[in-house]
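Visitor: A predicted structure for the sequence below; I have some questions about it.
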Amino acid sequence: MNDRVFDAASDYYDLFSDVTGEDAAAWARARQFGAEILPSINDHWQHGEYPLEFVRRMGELDLFIDGLDIPGHAKLSPLGAGLVTMELSRADGSMSTVLAVQGGLALRCVMLYGTPEQQAKWASPIASGRVLGSFALTEPQHGSDSVSLETSARREGDDWIINGEKRWIGNGSSGGVTVVWARASDTGEVNAFLVEQDLPGYDAERIRGKAAMRAIDQAAITFRDVRVPESARLPGATSFKDTTRVLSATRSSVAWSALGHATACFEIALEHAKTREQFGRPLAKSQIIQQRLANMSMQLTTMQLHCRRIAELEREGKLDATRASMAKVNNTRLARAIASDARDMLGGNGILLERHVIRHLLDIEAIHTYEGTDTVQSLIVGRQLTGMSAFV
C-alpha cells in the first residue's frame with residue numbers, strides 16, 4: 001500500500017520506461033515527496049488543513065517549474081512535467097493542485113507575460129516556494145464563461161485601481177502574490193496584474209465546507225479600490241487569448257493529474273484483490289474481479305496514451321486548446337470510473353481514509369470540473385469537429 005513504485009501492472013504498455021535525465025530525476029523527486037506525505041496527508045485532508053510545510057518542501061525539491069525555463073532550476077520536457085503532476089496526484093490531489101496553481105498558472109503568467117524585471121523579482125521566489133503564487137480569473141458569476149469577467153482596472157496616473165470579486169482562487173488567501181485578471185475600464189482590454197495580497201483593499205476569505213481538495217485553501221476575494229503601480233501590470237497579457245494560452249497548458253496537466261489519481265486507485269484495488277480473502281480464497285481468484293481489474297487496466301492505459309501523445313504534441317509545438325480539452329475530459333471521465341470501481345471493490349473499507357481511495361475519488365470530482373467542465377470541454381471538441389459553435 002505504501003509502495004508507490006510505478007510497476008508493470010500500472011504501465012501495461014510500457015509507455016514510460018524510456019524516461020531519462022532531468023525528467024527521470026524530477027519524477028523520482030515527486031515520488032519521494034509522495035512517500036513523505038502519504039503517512040499524514042489524510043489527517044490534513046480530514047481536518048481541512050493546508051500544510052504549508054509540504055508546499056515549502058515541494059519548492060525545496062524543485063517541483064514547481066512545470067516545464068518552464070527558470071534560471072537556476074531544472075528544465076523539464078512536457079513529458080517530464082506531466083509525470084511530476086501525475087506522481088503528485090498519485091499521492092494527493094491537493095498537493096498536485098498546489099503545483100497547478102503555483103507553477104502552472106502563477107509562474108507561467110510571469111514567464112510568458114512579464115518583463116525581465118518582473119521575472120527577476122518573482123520567478124525564482126515562486127519556483128522555489130518562498131512566495132506563494134495565485135491566479136485569479138474565476139468570478140462568483142463567471143466560471144465557464146470567464147471571458148465575461150467583470151473585475152475592472154481603472155487607470156489613474158501611474159497607478160491602476162482594481163475593483164471586483166474572484167472565487168475559487170487557490171493560494172488566494174495565503175499571503176503571497178496573485179495574478180489578477182481584470183478588464184480595463186477605458187478600453188475593455190483584458191489585463192493581468194501582480195497584486196500582493198497584503199495591499200489595502202485586498203480582502204480574501206477562505207472557502208469552507210469543501211468535500212474535495214480539502215488540504216489546499218481556495219479563497220473568495222473582494223477587491224475594493226486596490227491600488228497597484230503600472231509596474232505591476234504584466235505587459236504581455238492584453239486579451240483573453242492570453243488567458244486561454246495559460247489555461248490550455250494547465251488543462252493538459254489536468255489530464256495528467258487524473259491519470260495520477262486513477263493509477264493510485266487501480267494499484268490499491270489490485271493489491272486489495274490479491275490479499276483480501278473471502279469465502280476461503282483471495283478476491284483475485286473470482287472471475288468478476290479479474291474482469292473488473294482488466295477493464296480498469298484498459299481504461300488506465302487509454303489515459304496514459306492520451307497523456308503521452310499530448311506531451312509529444314506539446315514538445316512539437318502542436319498542442320492546441322482543443323486537443324488539451326479532449327485529453328482533459330477523457331481522462332477525468334475515466335478516472336471517475338476507475339475510482340468508483342476501486343471504492344466498490346474495497347467494500348466497506350473503501351470509504352475509510354486510511355485506504356486512500358475515497359480521498360482520490362472525491363478529489364477527482366474537483367478536477368472533473370476545474371479548468372473547464374465536462375460539457376464545456378466536449379463542446380470545444382464538438383466545435384472543432386463540426387465547424388459550428390453550440391455555446392450560444
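Guide: Okay, I see it. Numbers count the residues shown, from 1 in each chain.

Visitor: can you give me the strands in the stretch 201-350 of the chain?
Guide: Using DSSP state E, counting those that start in this stretch, the strands of the stretch 201-350 of the chain run over 202-206, 218-229, 277-278, 281-282.

Visitor: now those in JSON lines, with distance to residue 319?
Guide: The way it works is simple: take the backbone N, C-alpha and C, and place the C-beta from them, glycine included. Shown next, in JSON lines, are those (distance: least, Cβ to Cβ, whole Å):
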{"stretch": "strand 202-206", "distance to residue 319": "33"}
{"stretch": "strand 218-229", "distance to residue 319": "27"}
{"stretch": "strand 277-278", "distance to residue 319": "46"}
{"stretch": "strand 281-282", "distance to residue 319": "43"}
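
Visitor: ok, residue 339 - contacts?
Guide: Applying Cβ atoms under 8 Å, 6 or more residues apart in numbering to residue 339 gives the contacts 261, 262, 265, 357, 360, 361, 364.

Visitor: Could you count how many residues lie near residue 227?
Guide: Neighbour count for residue 227, taken as other Cβ atoms under 10 Å: 14.

Visitor: Surely it and residue 195 touch.
Guide: No - applying Cβ atoms under 8 Å, one finds residue 227 not in contact with residue 195, separated by 9.9 Å.

Visitor: Find residues that contact each of these two.
Guide: With Cβ under 8 Å, 6+ apart as the test, residue 227 and residue 195 both reach residue 162.

Visitor: partners of the helix or strand of the chain with the lowest mean pLDDT in the sheet?
Guide: Lowest by mean pLDDT, DSSP states H and E among the helices and strands of the chain is strand 277-278, with a mean of 87. Applying DSSP bridges, strand 277-278 is found paired with strand 281-282 (antiparallel).

Visitor: Show me the contact partners of the strand it pairs with.
Guide: Residues from elsewhere that reach strand 281-282 (Cβ under 8 Å, 6+ apart): 273, 274, 275, 276.

Visitor: Provide a complete list of residue ranges assigned to helices in the protein.
Guide: Counting by DSSP state H, the chain has helices at residues 21-47, 52-60, 78-91, 93-99, 108-113, 116-127, 240-275, 287-315, 321-345, 357-369, 374-386.

Visitor: For residue 177, which of the ones you listed is the nearest?
Guide: Between residue 177 and those, the shortest separation by Cβ to Cβ is 6.7 Å, and it involves helix 116-127.

Visitor: And stretch 156-171, what's buried?
Guide: Neighbour counts using 16 or more other Cβ atoms under 10 Å place 160, 161, 162, 163, 164, 165, 166, 167, 168, 169, 170, 171 of stretch 156-171 among the buried residues.

Visitor: and stretch 45-57, which residues are buried?
Guide: For stretch 45-57, a neighbour-count test (16+ other Cβ under 10 Å) marks 45, 50, 51, 54, 55, 57 as buried.

Visitor: how about those residues in a markdown table, adding distance to residue 202 and pLDDT?
Guide: Formatted as a markdown table, those follow (distance: Cβ to Cβ, whole Å; pLDDT from 0 to 100):
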| residue | distance to residue 202 | pLDDT |
| --- | --- | --- |
| 45 | 28 | 97 |
| 50 | 19 | 97 |
| 51 | 24 | 97 |
| 54 | 25 | 97 |
| 55 | 20 | 96 |
| 57 | 27 | 97 |
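
Visitor: Those residues into CSV, with extra columns for distance to residue 285?
Guide: What follows is the buried residues of stretch 45-57, written out as CSV (distance: Cβ to Cβ, whole Å):
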residue, distance to residue 285
45, 34
50, 43
51, 40
54, 40
55, 44
57, 42
